[in-house]
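[1] Model the following, please.
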Amino acid sequence: MNELSRLTPPAGGGVKEKKRVGRGQASGTGKTEGGQMPIQRRVPKRGFTNPFRVEYAIVNVGDLERIDPKEPVTLEWLLAAGTLKDGRDGLKVLGDGDLTKAITVRAHKVSAQARQKIEKAGGKIELIELPARKTPQQRKAEEKAAAAAAKGARTPKA
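    Just a heads-up that it's a prediction; the model follows:
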């Protein structure tokens, strides 16, 4: 028979101490609890950032007037000359300013006004096609197909 003096607590614990409230800040239940909701949690989160956005480095026709027309104007050439600071995803030519020299421009995009001014000055435009960016799903499917092709090439056919 069990005696009260021989009772022990259960093996996994089971005895929970009473919460002592109002015993100072160190107890976690003292004063200065709570407070104002932080602003980053009050401001609603909306929208998203498009990972496939294409940003172009922009150059105006007036800026092309100052350069040497002996060689074609490309994004790399403008970066090396110091006309542009950042290459971004491609080069876009806009029509601000005037052009008197006949130059060849290799760009990804050209505005209608810029095209008109360059061709009027006797120059020509060569458009460069940007490769389409692949989604993570497309990349994963290609890797899977490549792995399957590599696996199929390794196994001997009977």
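[2] Show the end-to-end separation of stretch 105-122, please.
    12 Å (CA to CA, to the nearest Å).
[3] which residues does the residue positioned nearest the centre of the chain contact?
    Nearest to the geometric centre of the chain sits P51, at 5.1 Å (CA atoms, centre = their mean). If you count contacts by CB atoms under 8 Å, 6 or more residues apart in numbering, P51 has none. In short, each C-beta sits where N, CA and C put it, glycine included.
[4] Helix or strand for it, just tell me which one.
    When elements are assigned from DSSP states H and E, P51 belongs to no helix and no strand.
[5] What does the pLDDT read for K157?
    The confidence metric pLDDT takes the value 58 at K157.
[6] let me redo that: E33
    On the pLDDT scale, E33 gets 69.
[7] which one is L75 nearest to, not counting chain neighbours?
    L91 (4.1 Å; CB to CB, 6 or more residues apart in numbering).
[8] does that neighbour sit in a helix or strand, and which one?
    Counting by DSSP H and E, L91 is part of strand 90-94.
[9] low-scoring stretches of the protein, by residue?
    1, 32-33, 154-158 (pLDDT under 70).
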